[in-house]
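**Student:** Quick one, fold the following:
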Amino acid sequence: MTNLSTFNKDMTDNRWTKFKLTADFDSDVRSIYEAWATPAGLQSWFLRKADFYTIAGRQREAEEFIKKEDTYSWYWHGYNDETVENGQVLENNGADLLKFTFSGGSIVTVDIQNKYGLTLIELTQENIPPEDDPSKNLYVQCQIGWTFYLTNLKSIIEGGKDLRNKRVDLFTSFK
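**Tutor:** Now for the predicted structure:
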């Protein structure tokens, strides 16, 4: 008879360390890329504030394109400035591909392509650390978050409606 606890220790279960999401947009690749690759673009659909810094430490302007090796500090609506995500841009080809560090040491890759008459985003988050506490599970929490924000990007790009709740008082009343 096989001892399952020994089997599980020997066999790494990678199902919870990586996920991939795909979203389609009725837009051009460049517009979607700009929404991901500039501080102003990210603030239009994703973040309250997106600060990027060059290797020399200069803060990038709102419309300036981010570059490989930039570092960032991201701030969300509904949270004060003490809640911040810091990371680094690992790759940026200047046209349709970005890769950056994210929560828990994970890595997010955003690949933007024109296929089937649509612009597609394939977002992959990998190197997600294991977590025993389900409330802290990045695999689940990040997948939920990215699904919402990709939906919000589609809403803004295709219709102009921002789905984010920007009222801090509503967030604090549920905490």
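**Student:** Give me the pLDDT value at residue 15.
**Tutor:** Per-residue confidence (pLDDT) for residue 15: 78.
**Student:** State the number of residues packed around it.
**Tutor:** Counted with other CB atoms under 10 Å, the neighbours of residue 15 add up to 8. For glycine as for every other residue, the C-beta is placed from the backbone atoms N, C-alpha and C.
**Student:** so how far is residue 128 from it?
**Tutor:** To residue 128, residue 15 is 10 Å away according to CB to CB, to the nearest Å.
**Student:** And the helices in the chain?
**Tutor:** Along the chain, counting by DSSP state H, helices occupy 4-10, 29-37, 39-45, 138-159, 168-172.
**Student:** what about those helices, which gets the closest to residue 83?
**Tutor:** For residue 83, the closest of those is helix 168-172, at 10.7 Å, according to CB to CB.
**Student:** pLDDT of that closest one, averaged?
**Tutor:** Rounded mean pLDDT across helix 168-172 is 65.
**Student:** Likewise for stretch 40-48?
**Tutor:** The model assigns stretch 40-48 a mean pLDDT of 98.
**Student:** next one: stretch 136-150
**Tutor:** Mean pLDDT, computed over stretch 136-150, is 92.
**Student:** Next, the buried residues of that stretch.
**Tutor:** Going by neighbour count (16 or more other CB atoms under 10 Å), the buried part of stretch 136-150 is 137-139, 141-143, 146, 149-150.
**Student:** try stretch 76-85
**Tutor:** Using 16+ other CB under 10 Å as the test for burial, stretch 76-85 gives 76-78.
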